[in-house]
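**Q** please find the sequence and the predicted model below.
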Amino acid sequence: MSPAPRRVFIAGDSTASHYGPERAPREGWGMALQSFLDPSAWDVRNHAQSGRSARSFIEQGWLDGVAKDLRRGDVLLIQFGHNDEKIEDPARYSEPRAAFPAWLMRYVALARERGATPLLITPVARRKFDRGQLLDTHGLYAQAVRDLAARERIGLIDLNASSMDWLRALGDEPSKLFFMHVPEARTPDVAQTDDTHFHARGAVAVACLVVGGWKALDPALASTVVRDTDCGARPTALADRAAQPHPSAIAHGTDLARPQVGPHGGPGTTIAYPFFADAPDMPFVFRKRALHKGAGIGLHPHDHDEIYYVLSGRGRYILDGVSHDVSAGDALLTRSGSTHSIHQTGDDDLVILIVYPTKR
């Protein structure tokens, strides 16, 4: 009989909490956490509540629900700060240097008392740019979590830092895609320009940052993680981009189209798209070619490996004396020492991507 999965509890605010379908596409990162974890190894219990601070979550009895089930071997993720900063609301506000960490210690003490592992998480960043510069809106509150973790030797996931790196690398305008900038908001209470709460894609991205931070604390977790966690960006991402000797680029096919006769003695006419032909230090050649009706690439020998990928249309591919019918979605590998040829069939253009190593 397999052992029961371990439980991971989330105590936090609206950035982590669960939302029903009536609030779609808003999601908290806690809703996406299970998708990163093997369900046979981990069971996510999301107790995060919208609008709560570390203080009001306790005073309103939400921590009691966690305490009722928390047991030895569980993990308790603790993320507050957004609402603790609201000085205008005495029911939620806690000053950052003493009161806020004191409330957080209540969660830590509960976990330790039950034999569970507490992990502190700094508050996820808000999307707040000023003239292209991302502002740190959590300041003293994020630092209070870091200081508490260091002082009490508690595992720390610095989500504030990792999410700020992520946002800076995305940039001001592109980062809106991950937050609740939703023109077609379905209900009046879903803000259309909300820079705190996440669109579904943002919740997944932030959950990825959380799991990545958790893996850094506990490398053994990796064996139970079922999705990539190489997400986010390095703190130096902007400087790295500026220092690139050969900058990344985008090529538009409409700017590159070159009519040509069929290559290698092939019939008919084609259109070649020589993507990044002038890019320095590229280890491979990447091309697209559209073969019009009756066109083809003639038979020729190979002294290198080459891949064709059929984007659209149909064709006949002749490889080492054998004919194959091919269509969209097929990939064709020709190894060094083989001969091949490909010809358009049917009524539509045969469009292929071509990749092979650059000759040195």
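**A** Structure's in. What do you need?

**Q** hey, let's count contacts and neighbours off CA atoms from now on
**A** Fine.

**Q** with adjacent residues omitted, what lies nearest to the most centrally placed residue in the chain?
**A** Among the residues of the chain, A205 comes closest to the average C-alpha position under Cα atoms, centre = their mean, at 4.2 Å. Leaving aside its chain neighbours, A205 sits nearest to C231 (7.3 Å; criterion: Cα to Cα, 6 or more residues apart in numbering).

**Q** state the pLDDT value of that neighbour.
**A** Predicted confidence (pLDDT) for C231: 97.

**Q** over to M1?
**A** Reading off the per-residue confidence, M1 sits at a pLDDT of 74.

**Q** contacts only, for the residue nearest to A205.
**A** For C231, the contacting residues are 205, 208-209, 212, by Cα atoms under 8 Å, 6 or more residues apart in numbering.

**Q** show me which pair in those residues is furthest apart.
**A** Spatially, the most separated pair among the contacts of C231 is A205 and G212, at 10.6 Å (Cα to Cα).

**Q** would you mark the buried spots in the longest helix along the chain?
**A** With DSSP state H applied, the helix covering the greatest number of residues in the chain is identified as helix 200-217. By 16 or more other Cα atoms under 10 Å, the buried positions in helix 200-217 come out as 200-215.

**Q** same for that helix, what does it pack against?
**A** In terms of contacts (3 or more Cα pairs under 8 Å, 6 or more residues apart in numbering; DSSP states H and E), helix 200-217 is packed against strand 26-27, helix 29-33, strand 155-157, helix 159-170.

**Q** now with 10 Å?
**A** Secondary structure elements in contact with helix 200-217, counted by 3 or more Cα pairs under 10 Å, 6 or more residues apart in numbering; DSSP states H and E, are strand 26-27, helix 29-33, strand 117-121, strand 155-157, helix 159-170, strand 179-180, strand 194-199.

**Q** pull the residues that contact the first one.
**A** For strand 26-27, contacts defined as Cα atoms under 10 Å, 6 or more residues apart in numbering pick out 14-21, 178-180, 182, 185, 190-191, 197-204.

**Q** do that again at 8 Å, thanks
**A** Contacts with strand 26-27, where a contact means Cα under 8 Å, 6+ apart, come from 15-19, 180, 197-200, 203.

**Q** now the helices: where do they sit in the stretch 251-360 of the chain?
**A** Assigned helices in the stretch 251-360 of the chain, in chain order: 253-256 (criterion: DSSP state H, counting those that start in this stretch).

**Q** going by distance to T345, which of the contacts of strand 26-27 wins?
**A** Top of the list for closeness to T345, among the contacts of strand 26-27 and by Cα to Cα, is A200 at 42.8 Å.

**Q** I figured that closest one hits R23, correct?
**A** No - taking Cα atoms under 8 Å as the definition, A200 is not a contact partner of R23, at 10.7 Å.

**Q** who touches stretch 138-148?
**A** Stretch 138-148 is contacted by residues 81-82, 85, 96-97, 100-101, 120-123, 125, 154, 156, 158, 160 when judged by Cα under 8 Å, 6+ apart.

**Q** could I have the buried ones of the residues you listed as ChimeraX selection syntax?
**A** This is the ChimeraX syntax for the buried subset of those, where burial follows 16+ other Cα under 10 Å:
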select :81,82,85,96,100,101,120,121,122,123,125,154,156,158,160
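
**Q** what's the farthest-apart pair in the contacts of stretch 138-148?
**A** By the measure Cα to Cα, E85 and I154 form the most distant pair in the contacts of stretch 138-148, at 22.4 Å.

**Q** just checking, what packs against the helix-or-strand element of the chain with minimal mean pLDDT?
**A** The helix or strand with the lowest mean pLDDT-type score in the chain, counting by mean pLDDT, DSSP states H and E, is helix 237-242 (a mean of 90). Contacts of helix 237-242 with other secondary structure elements, assessed using 3+ Cα pairs under 8 Å, 6+ apart, are made with helix 159-170.

**Q** which residues does the helix it packs on contact?
**A** Contacts of helix 159-170 (Cα under 8 Å, 6+ apart): 121-125, 127, 133-134, 136, 138, 142, 175, 206, 209-210, 213, 232-235, 237-238.

**Q** quick one on the thing from earlier: check the offset of the longest helix of the chain from the chain's centre.
**A** Using Cα atoms, centre = their mean, to the nearest Å, we find the averaged C-alpha position of helix 200-217 to lie 8 Å away from the chain's own average C-alpha position.

**Q** quick one: contacts for R227?
**A** With contacts defined as Cα under 8 Å, 6+ apart, R227 is in contact with 35-37.

**Q** do that again at 6 Å, thanks
**A** By Cα atoms under 6 Å, 6 or more residues apart in numbering, R227 lies in contact with F36.
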